[in-house]
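Student: whatever this is, show me its structure:
(one chain, ligands or ions: 1)
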Amino acid sequence: MAHTPTSDGRAPWRALVLTLFPDMFPGPLATSLVGTALTAGLWSLDMQQIRDFGIGRHRAVDDTPAGGGAGMVMRADVLGAAIDHARRTAPDLPLIYLSPRGEPLRQPLVRELSAGPGAMLLAGRFEGVDERVLFGRGAREVSIGDYVLSGGEIAAMVLIDACVRLLPGVLGAADSLAHESFEGEQLEYPQYTKPREWEGLAIPDVLLSGDHKKIAAWREAEAQRITADRRPDLAMAAKGPNKGR
Ligand code: ADE
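Tutor: Numbering: from 1, shown residues only. Got it, this is the predicted structure:
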């Protein structure tokens, strides 16, 4: 795929996914804001089929775990070859292995990756990948949450979506980014729109008052209340001496 610069002269943000299931892509990434940005060339998406580097007539990519146990493990030699091949076309992309064991994907990491050239995303299947390839190729392990998916592909899509929406020109109003959950240090305040009353429920008066100072104060208080209620961990972090999440 050609990687022509965007109108502001930057190279498009690049996602390169190493997977056994390239047909899962672009999937939801072809839709809405992120899909429009893909068509517009603000970012690019390439898949590398891991099986192309499989061993033997059956192109085996996995084998039984050393030391015994259930399931299969993806082979280091196969993955090493796939990564090395991908790196020849994308030498500057950080390698990320999606895994429930990884560092949590939070907005500061999303911002960091979004500000860079892109990401090479290794999507595992089975019981996992041979540890040596993660060490040998310097992979950063990232988790999208404390639950186990059947493979890394959906996690890769989550990471890509979160990064792409931050790229310049993808979201219309930059202001909508500044106020939303996690861009600051608390969850977002409640939103309302027409009708003014719905099923006996009214929009809070303050929002219709036209008093922008009062509205801002109400929103701040609501954001604090919701954060303390739902995510006391975030509320503590925002109050604490070390705000550097
Ligand atoms: N692969 C399987 N589960 C995952 C998770 N929670 N995060 C990232 N990758 C995964």
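Student: which SS class is the spatially most central residue of the chain?
Tutor: Nearest to the geometric centre of the chain sits residue 159, at 1.3 Å (Cα atoms, centre = their mean). With DSSP: H, G, I helix; E, B strand; the rest coil as the basis, residue 159 sits in helix.
Student: over to residue 28?
Tutor: Secondary structure assignment for residue 28 (three-state DSSP): helix.
Student: and it, what's its pLDDT?
Tutor: Predicted confidence (pLDDT) for residue 28: 98.
Student: try residue 40
Tutor: For residue 40, the pLDDT comes out at 97.
Student: same check, this time on residue 125
Tutor: 85.
Student: hmm, it is touching residue 154, no?
Tutor: No - under the criterion of Cβ atoms under 8 Å, residue 125 is not in contact with residue 154, lying 11.8 Å apart. Quick note: C-beta positions are derived from backbone N, CA and C, even for glycine.
Student: more neighbours: which of these two?
Tutor: Per other Cβ atoms under 10 Å, whichever of residue 125 and residue 154 has more neighbours is residue 125, with 19 against 16.
Student: and that one, that one's in a helix?
Tutor: No - counting by three-state DSSP, residue 125 falls outside a helix, being coil.
Student: report the separation between it and residue 149.
Tutor: From residue 125 across to residue 149, the span is 10 Å (Cβ to Cβ, to the nearest Å).
Student: likewise for residue 123?
Tutor: 10 Å.
Student: between these two, which contacts overlap?
Tutor: Common contact partners of residue 123 and residue 149 (Cβ atoms under 8 Å, 6 or more residues apart in numbering): residue 155.
Student: who's in contact with the longest helix anywhere in the chain?
Tutor: Using DSSP state H, we find that the single longest helix of the chain is helix 212-230. Residues from elsewhere that reach helix 212-230, judged by Cβ under 8 Å, 6+ apart: 184, 186-190, 204, 206-207, 209, 234-235, 238.
Student: of residue 123 and residue 149, who's got more company?
Tutor: Shown here are residue 123 and residue 149; by other Cβ under 10 Å, residue 123 has more neighbours (26 against 17).
Student: so how far is residue 112 from the nearest residue to the more buried one once chain neighbours are set aside?
Tutor: Spatial nearest neighbour of residue 123, excluding adjacent residues (Cβ to Cβ, 6 or more residues apart in numbering): residue 152 at 3.4 Å. Distance, residue 152 to residue 112, by Cβ to Cβ: 19 Å.
Student: and these two? Which one has more around it.
Tutor: Higher neighbour count among residue 152 and residue 112: residue 152, with 30 against 11, using other Cβ under 10 Å.
Student: which secondary element of this protein has the worst mean pLDDT?
Tutor: Within the chain, confidence by mean pLDDT, DSSP states H and E is lowest for helix 174-178 among all helices and strands, at a mean of 59.
Student: what about whichever helix or strand comes after it, average pLDDT?
Tutor: Scanning forward in sequence from helix 174-178 by DSSP states H and E, the next helix or strand is strand 197-198. Across strand 197-198, pLDDT averages out at 98.
Student: could you export the host helix or strand of residue 237 as CSV, CA atoms only?
Tutor: Assessed by DSSP H and E, residue 237 sits inside helix 232-239. Output in CSV follows, covering the C-alpha atoms of helix 232-239 (Å, rounded to 0.1, in the frame of the first residue of the first chain):
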residue,chain,number,x,y,z
PRO,A,232,-13.1,5.9,43.3
ASP,A,233,-9.7,4.8,42.0
LEU,A,234,-9.7,7.7,39.5
ALA,A,235,-11.1,10.1,42.1
MET,A,236,-8.3,9.2,44.5
ALA,A,237,-5.7,9.6,41.8
ALA,A,238,-7.0,13.0,40.8
LYS,A,239,-6.8,14.2,44.4
